[in-house]
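> coordinates only, sequence not included:
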C-alpha cells in the first residue's frame, strides 16, 4: 500500500523498526478480538513487525510529528469488497486518531481501489469501535449471537461473544459527501471526541 497522509497522521506499510511501538499495545490487547495477537516479549514483537512488513493489507498508523506508531488498520480484499478493521494504542485514545485514520482508509479504498462495499466485524461490547463505525457512516447490517470465542472461562469453557457487522456501500459514501466527508471526519477528529 502507498503512503497516505492526513493532517496529523501517516498511514504506511509496517517496518521492522515498528516492533517496540507495536509491543506497547499488543502485549495486553484491550479488545478481545485481538487476544490471539498478544505479544509475549520483544522477540515476538520483532517477528510480528517483520511479518506485517511483508503484508500489504497491514497498515501502520503513525503520528506525523514524531513518526511514532500508534495503531494499525487492515483492509483485506475480496474482489470489489474489503473487510476493514483497526487497533489502536489506548494511550493515544480519545483524540480522534482512529477516526482520522479510518476515514482516510475508506476514502483510499473507494477512490483508489474501486471498492464497491466495505464491512467490519465488531464485538457488541466494543463500544469505541461501534461508535467509530457509525461516525464513519457505516450502518449495522447484522448481529451474530454467540458468534465467536476469543477466550475461555475459569473452567476452560469458551466464552462466546456477539458480533455485529457494519457496512458501507460506495454509493452511500458518495451520497454522504465522499471525499468531502473524509475531510470533515479529519477536521472533527481534530476538534473533539473519542476515537
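Structure's in. What do you need? Every value quoted in this text rests on a predicted model; they were computed, and no experiment measured them.

> Which strand or helix spans the residue nearest the centre of the chain?
Central residue of the chain (Cα atoms, centre = their mean): residue 86, 1.2 Å from the mean position. Taking DSSP states H and E as the criterion, residue 86 maps to strand 81-88.

> Buried ones in that strand, by neighbour count?
Neighbour-count burial for strand 81-88 flags 82-88 (criterion: 16 or more other Cβ atoms under 10 Å). Heads up, the C-betas are built off the backbone N, CA and C, glycines and all.

> I'd assumed residue 75 was in contact with residue 57.
Yes - Residue 57 lies in contact with residue 75 (Cβ atoms under 8 Å); the separation is 5.8 Å.

> Overlap of the contact sets of those two?
Residues touching both residue 57 and residue 75 by Cβ atoms under 8 Å, 6 or more residues apart in numbering: residue 1.

> Of the two, which one has the most company?
Counting neighbours by other Cβ atoms under 10 Å for residue 57 and for residue 75 shows that residue 75 has the greater number, 20 against 14.

> and the helix or strand that one falls within, which residues are buried?
Assessed by DSSP H and E, residue 75 sits inside strand 69-78. Residues 69-75 are the ones in strand 69-78 that count as buried (16+ other Cβ under 10 Å).

> cool, stretch 132-142 as well?
132-133, 135-138.

> Over to stretch 89-98?
89-90, 92-93, 95-98.

> Ok, stretch 55-62 next?
By neighbour count with 16+ other Cβ under 10 Å, stretch 55-62 contains the buried residues 58-62.

> Which of those fall within strands?
58-62 (DSSP state E).

> could these go into CSV alongside distance to residue 16?
Output for those, formatted as CSV (distance: Cβ to Cβ, whole Å):
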residue, distance to residue 16
58, 13
59, 16
60, 11
61, 17
62, 14
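
> so where is this structure shaky, pLDDT-wise?
For the chain, applying pLDDT under 70 flags the ranges 180-195.

> now the helices: where do they sit in this structure?
Listed in chain order, the helices of the chain (DSSP state H) span 19-26, 42-53, 97-111, 127-135, 170-175, 179-191.

> which one of these is the most hemmed in?
helix 97-111 (a mean of 24; mean count of other Cβ atoms under 10 Å).

> Can you check which strand is longest in the chain?
Assignment by DSSP E; longest strand in the chain turns out to be strand 139-152.

> Right, I'll call it a day here.
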